[in-house]
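In: I would like to see how this sequence folds:
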Amino acid sequence: MIFAAGLGKRLGNITESIPKALVDINGKTTLQMAVEKCASYGFDDIIINVHHFADMVEDEVRRLNKIGFKISVSDEREKLLENGGGLYKARDFFGKSPILLYNVDIISDLDLSVLYALHIKKKGLATLAVRHRPGKRFLLVDDEGQLRGWRNTSTGEQILAGVSAEGLSEIAFSSMHIVEPEIFNYMWEGVYTLITLYLQLAAEHNIYTLKHDDGYWVDVGTPESLDYVRRLLLKK
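Out: Residues are numbered from 1 along each chain as shown. Purely as a prediction, here's the structure:
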């Protein structure tokens, strides 16, 4: 599932006339780049959620389907559900295989097959890609890379999953993760994030992380990061 329903407010004037999923990066929409990325690793039966400028995003989906991709749509026009509620709404789309979850505004050279392989090896409920990068909100992981909590370093807010904070390290979530369909047993209708859910489940269930500090990772959520990724990919 590619999460593509966000309002993209941090992009300012850019998303006043188009959705974030249709922002251009060197001749391709962010949605096309995300679809190509996922499909190239075998995650080629894709569903996306739509809300902001939903009609425009559906037009792009039709275009991408015509050139050979297989994309379905989960309609969130009436209410934006965040990625937790959005995934649950789309639950009937999925079968019994692990599910890749990917944000439309993420540009990265992470090898998704490595993420998948670790998920299969560890046999956890979910496996999250993580990275050391600047920020204010961090996951807390133990020495084995298992999720144990969350911290906002600007407010001091902290959530721990059944352990003390001693020995835990801070690392940022990369908005790429793999989950087992079993996760739907612990979900509900509503508006909530998957990080909120993971933190509720982490005390009783194994949720692992994959660190990927090499290569590039960009959240094209601001005009500055959008300009940066355009220049970066031209060099590639």
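
In: just give me the longest strand of the protein.
Out: strand 169-179 (DSSP state E).

In: which strand or helix spans the residue of the chain positioned farthest from its centre?
Out: If you look at how far each residue of the chain sits from its centre, by Cα atoms, centre = their mean, the farthest one is Glu166, at 28.2 Å. Element membership for Glu166, per DSSP states H and E: none, as it lies in no helix or strand.

In: tell me how far it lies from Ile2.
Out: Distance of Glu166 to Ile2, computed by Cβ to Cβ, to the nearest Å: 38 Å. In this view, the C-beta of every residue, glycine as well, is placed from N, C-alpha and C.

In: one more: Leu147?
Out: Counting by Cβ to Cβ - Leu147 and Ile2 are separated by 23 Å.

In: swap in Met187?
Out: When Met187 is compared with Ile2 (using Cβ to Cβ), they lie 18 Å apart.

In: what about those two, which has more around it?
Out: Between Met187 and Ile2, counted using other Cβ atoms under 10 Å, the more crowded position is Ile2 (23 against 17).

In: how about the helices in the chain?
Out: Ranges of helices in the chain, per DSSP state H, are 30-40, 54-66, 82-89, 112-122, 194-201, 223-235.

In: average pLDDT for the fifth one?
Out: When pLDDT is averaged along helix 194-201, the result is 98.

In: could you do the third one as well?
Out: Along helix 82-89, the predicted local confidence has a mean pLDDT of 98.

In: and the last one, by the same measure?
Out: Here helix 223-235 scores 96 as its mean pLDDT.

In: C-alpha coordinates for it, CSV please?
Out: Extracted as CSV, the C-alpha positions of helix 223-235 are listed here (Å, rounded to 0.1, in the frame of the first residue of the first chain):
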residue,chain,number,x,y,z
PRO,A,223,9.9,22.9,-1.3
GLU,A,224,13.5,22.8,-0.2
SER,A,225,13.6,18.9,0.0
LEU,A,226,11.8,18.8,-3.3
ASP,A,227,14.5,20.9,-5.0
TYR,A,228,17.2,18.9,-3.3
VAL,A,229,15.9,15.5,-4.6
ARG,A,230,15.5,16.9,-8.1
ARG,A,231,19.1,17.9,-8.1
LEU,A,232,20.2,14.6,-6.5
LEU,A,233,18.5,12.4,-9.0
LEU,A,234,19.8,14.3,-11.9
LYS,A,235,23.3,13.5,-10.7
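
In: each with direction, which strands does the longest strand of the chain pair with?
Out: Looking at strand 169-179 with DSSP bridges, its partner strands are strand 99-103 (antiparallel), strand 126-131 (antiparallel), strand 137-141 (antiparallel).

In: output stretch 142-155 in CSV with nothing but the alpha carbons.
Out: Taking Å, rounded to 0.1, in the frame of the first residue of the first chain, the C-alpha atoms of stretch 142-155 are listed here in CSV:
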residue,chain,number,x,y,z
ASP,A,142,17.2,-1.9,21.9
ASP,A,143,20.5,-3.5,21.0
GLU,A,144,18.7,-6.1,18.9
GLY,A,145,16.9,-3.4,16.9
GLN,A,146,13.5,-4.2,18.4
LEU,A,147,11.0,-1.4,18.9
ARG,A,148,10.7,-0.4,22.6
GLY,A,149,9.4,3.1,22.6
TRP,A,150,9.2,6.6,21.1
ARG,A,151,10.5,10.1,22.2
ASN,A,152,9.9,13.7,21.2
THR,A,153,13.1,15.4,22.0
SER,A,154,11.6,18.9,21.8
THR,A,155,8.8,18.3,24.2
